[in-house]
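J.: Based on what follows, work out the 3D shape:
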Amino acid sequence: MKTTRHFLDLCDVGRVELRQILKSAAKFKHGKGQQHPLSGKTLAMIFEKSSTRTRVSFEVAMRQLGGDVIALKQDDLQVGRGETIADTGRVLSRYVDVILLRTAHPDRLVELAQSSEVPVINGLTDRSHPIQLLADIITYEENLGPISDARIAWCGDGNNMAFTWLQAAVEFGFELRLACPSELELDAKEIFDARAAGANVFATNDPVEAVSDASCVVTDTWVSMGYEEGEWRQRLLEPFRVDEALMKNANPNAIFMHCLPAHRGEEVSASVLDGAQSVVWEEAENRLYAQKGILMWCLT
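T.: Take a look at the predicted model:
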């Protein structure tokens, strides 16, 4: 029986397969991939949360690979009228070849994958964002070489991107330094489990300590979609803003990454976001190639 390849989290895929995806992504970026290898295939994208980069990059990727795309908002589906996500998966997998879900709820992603007969891709949940992380790995290695044994500093909220960087530390072998306010730290068990799996993780409440001699500094928006505690979070996170003064503690050749959208003057200063060390636009472009690699891995 054929095994369905879901792309739900980095730890589910594993380091060998992740490297295969990245190798495929590099071929497409450099014009060495097959022409239209997914001709006749259809991707259905379900967006329960709004999207710019995920929607556009996946649609362009699938069409450039020769396939077709159907984009669906929650109001377009019977899910909004009481049908379960599992039943939606059972139906859609009779029509399409791969399904992407972007949702607040990771349990809905798992439920969809368990019911679907075709691959399901995590387009983002409040727990993780693995498609973004593969673009980040591509971007790092294009600029600074192999990420294994690098020092990556995360500054800000212990959110879904911080958790995905934690998973990546297990799979790619770099040192991860997490600087979060105590009220917004990642769960201690998640850090314990990552260390038990071999990750080199250092957690602190001091952003300067985290960034010291780092080769890459990463942050994300302070208030993610769906959260209403904006002022409370901003007060906690102001000391973690990535500005020129903080970047001076990193390695002189360090790069700055952000998954976007960014809020200049909040989590990152405009001078850093638009400065010479920023690779955020390359990072956004690399979503296209990372997702081509993911689609190929799921479907071939």
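J.: any idea which residue sits dead centre in this protein?
T.: In the chain, the residue lying closest to the centroid (CA atoms, centre = their mean) is Gln132, at 2.6 Å.
J.: May I ask you to confirm that it belongs to a helix?
T.: Yes: counting by DSSP: H, G, I helix; E, B strand; the rest coil, one finds Gln132 located in a helix.
J.: From the chain's centroid, how far away is the longest helix belonging to the chain?
T.: Looking across the chain with DSSP state H, the single longest helix is helix 280-299. Distance, stretch centre to chain centre, for helix 280-299: 11 Å (CA atoms, centre = their mean, to the nearest Å).
J.: what's the answer for stretch 186-202, then?
T.: 18 Å.
J.: Correct me if wrong: the residue nearest to the centre of the chain contacts Ala162.
T.: No: taking contacts as CB atoms under 8 Å, Gln132 lies outside contact range of Ala162: 11.9 Å. Glycine gets a C-beta too; all of them are placed from N, C-alpha and C.
J.: rewinding a little: who are the contact partners of the residue nearest to the centre of the chain?
T.: Residues in contact with Gln132, defined by CB atoms under 8 Å, 6 or more residues apart in numbering, are Leu124, Met161, Thr164, Cys259, Arg287.
J.: what does Phe174 give?
T.: Phe174 neighbours (CB under 8 Å, 6+ apart): Ile147, Ser148, Asp149, Ala150, Arg151, Ile152, Ala168, Asn200.
J.: Also Ser182?
T.: If you count contacts by CB under 8 Å, 6+ apart, then Ser182 has Asn205 around it.
J.: switch to numbering from 580
T.: Sure thing, new numbering starts at 580, so read that last one as Ser761.
J.: residue boundaries of the strands in the stretch 730-879 of the chain?
T.: Under the criterion DSSP state E, counting those that start in this stretch, strands of the stretch 730-879 of the chain are mapped to 730-734, 754-758, 779-783, 795-798, 834-837.
J.: So what touches the fourth one?
T.: To tie it back to what came earlier, the one meant is strand 795-798. 715, 719, 723, 729-735, 740, 744, 790, 819, 821, 825-826, 829, 833-837, 846-847.
J.: Tell me the buried residues within those residues.
T.: 715, 719, 723, 729-735, 740, 744, 790, 819, 821, 825-826, 829, 833-837, 846-847 (16 or more other CB atoms under 10 Å).
J.: So Leu703 is in contact with Thr633, correct?
T.: Yes: at 6.5 Å, Leu703 counts as touching Thr633 under the criterion of CB under 8 Å.
J.: Give the residues shared as contacts by these two.
T.: Arg681, Ile710.
J.: the more surrounded of those two?
T.: Per other CB atoms under 10 Å, whichever of Leu703 and Thr633 has more neighbours is Leu703, with 29 against 22.
J.: ok, the more buried one - contacts?
T.: Leu703 sits in contact with Lys628, Ser630, Thr633, Arg681, Thr682, Ile710, Gln711, Asn739, where contact means CB under 8 Å, 6+ apart.
J.: which two from those residues end up farthest apart in space?
T.: Thr682 and Gln711 (15.1 Å; CB to CB).
J.: quick one: contacts for Pro840?
T.: Going by CB under 8 Å, 6+ apart, Pro840 touches Thr631, Thr800.
J.: and with 10 Å instead?
T.: Applying CB atoms under 10 Å, 6 or more residues apart in numbering, we find Pro840 in contact with Thr631, Arg632, Asp799, Thr800, Met804, Ala863.
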